[in-house]
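Colleague: Below is the sequence, then the predicted model.
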Amino acid sequence: MLAAGNAAAGDTGTRVNVDNGFAAQRDGILRELGDGKTYSEIEATDREKVKAALARIATVLDQAGGVEQLKEQQKLEVFNDQELVNNILTKAGEDSRLVCKRTKKTGSHMSSNQCMTVAARNRAAEESQDMLRRSPPRQMPKEGF
């Protein structure tokens, strides 16, 4: 068995397990990469790495005739590509998760929903912190004036 125990299909996103219907998994991953929702926060370079790794796995499995016929070097290559895909998709899936908060604007009693992906929320927090660091400190007025 090539798949690691924590890399079972269906944990926190689509994962690759070559022991368990690889062609269907590959098609599902490619569909999710293209839908713009499931992995909305994946970087273009990571997207290409996933596609290339899936293509390499498919080629090796087709040439060997299945998982059982893989030689040791091929098993190693497939396992490494499998782990690469699993790691990238797990992170992208976590970053792409949509989180909604109910907020009230200052001075208002009206609530509204504010929905952002985890990655977008983290970017907004970092940008706010950077803006505060770059702004010059305010001087307190001197007493007696």
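Modeller: Here it is on my side, so go on. Numbers count the residues shown, from 1 in each chain.
Colleague: Secondary structure element for the spatially most central residue of the chain, which one?
Modeller: The residue lying closest to the centre of the chain (CA atoms, centre = their mean) is residue 92, at 0.4 Å. Assigned by DSSP states H and E, residue 92 falls within helix 72-95.
Colleague: after that helix comes which helix or strand?
Modeller: Using DSSP H and E, the helix or strand that follows helix 72-95 towards the C-terminus is strand 98-104.
Colleague: how far does that next one sit from the chain's center?
Modeller: 21 Å (CA atoms, centre = their mean, to the nearest Å).
Colleague: Which secondary structure elements does it sit against?
Modeller: strand 111-117 (3 or more CB pairs under 8 Å, 6 or more residues apart in numbering; DSSP states H and E). Where C-beta positions appear, they are placed from N, C-alpha and C, glycine not excepted.
Colleague: roughly how far is the strand it packs on from the heart of the chain?
Modeller: With CA atoms, centre = their mean as the basis, strand 111-117 stands 21 Å off its chain's centre.
Colleague: Which strands border it, and is each parallel or antiparallel?
Modeller: strand 98-104 (antiparallel) (DSSP bridges).
Colleague: Need the CA coordinates for the strand it pairs with. CSV is fine.
Modeller: Extracted in CSV, the C-alpha atoms of strand 98-104 (Å, rounded to 0.1, in the frame of the first residue of the first chain):
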residue,chain,number,x,y,z
LEU,A,98,-15.1,30.2,3.7
VAL,A,99,-15.7,31.6,7.2
CYS,A,100,-18.6,34.0,7.9
LYS,A,101,-19.0,36.3,10.9
ARG,A,102,-21.9,38.4,12.0
THR,A,103,-20.8,41.9,12.6
LYS,A,104,-22.3,45.3,13.6
